[in-house]
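Chemist: here is my input, please return the structure:
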Amino acid sequence: MEKGLVLNKSYDIFYLGKSISRYDNLVHSNNQYDDSSRFDDYEIKIHGYNIELWCEDSHIVNICCRESCFYNGIELIKMKFEDFLNVIKEEPSNHEICYIPCKDNWGQNQHVYVFDKSGLQVWVWRGKIRTIIIYDTNSDAEEIKG
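Modeler: Have a look, this model is predicted:
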């Protein structure tokens, strides 16, 4: 079994499109949001790091890594964005800046890069990767559930 990120497919043992019920024994937090949220958010700790699984209709549609994300044996979190571009060998298909509120009335303007081919959304602050969101660009959400 491959460990870490597999583009458009998985992170470690967590597979896009699979039912969250497969991982019931690992879930340590289920964040229920108000009706305006599209996803249910499950937190799971694996290898000492938290992973978030965002689900729609009980199926994983996004995997969010904020503490650690390995790809081909390389840690991507806190990597310089320029170095990441050399690793992923793809130019972003979209870029925007999002303000992220933090504590004590301050926040961060994070650069959000979308890599459609690889199924990644990469959040960067001060030139380093802070968050990676994994999604599947190769199949329709309805097909995944089947």
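Chemist: could you use CA atoms for every contact and neighbour count after this?
Modeler: Noted.
Chemist: show me the contacts for the spatially closest residue to Lys117 that is not a sequence neighbour.
Modeler: Setting aside the residues directly before and after it, Lys117 is nearest to Thr137 in space (Cα to Cα, 6 or more residues apart in numbering), at 6.9 Å. Taking Cα atoms under 8 Å, 6 or more residues apart in numbering as the definition of contact, the neighbours of Thr137 are 8, 116-119.
Chemist: next one: phi and psi at the residue nearest to Asp40 when sequence neighbours are not counted?
Modeler: Using Cα to Cα, 6+ apart and skipping residues adjacent in sequence, the residue nearest Asp40 is Cys55, 5.1 Å away. With angles defined as degrees, to the nearest 10, Cys55 sits at phi -120, psi 150.
Chemist: okay, and the beta partners of Cys55?
Modeler: According to DSSP bridges, the residues that bridge with Cys55 are Asp40, Ile60.
Chemist: from Ile129, how far out is it?
Modeler: 23 Å (Cα to Cα, to the nearest Å).
Chemist: any idea whether Lys84 is helix, strand or coil?
Modeler: Careful, residue 84 is Phe and not Lys. In terms of secondary structure, Phe84 is helix; the call rests on DSSP: H, G, I helix; E, B strand; the rest coil.
Chemist: strands of this protein, residue ranges please.
Modeler: Remark: strands assigned in the chain by DSSP state E are 5-6, 10-11, 14-15, 27-31, 40-46, 49-56, 59-65, 70-71, 74-75, 94-101, 107-115, 120-125, 128-134.
Chemist: for the ones you listed, which has the smallest mean pLDDT value?
Modeler: For the strands of the chain, mean pLDDT drops lowest on strand 27-31, to a mean of 64.
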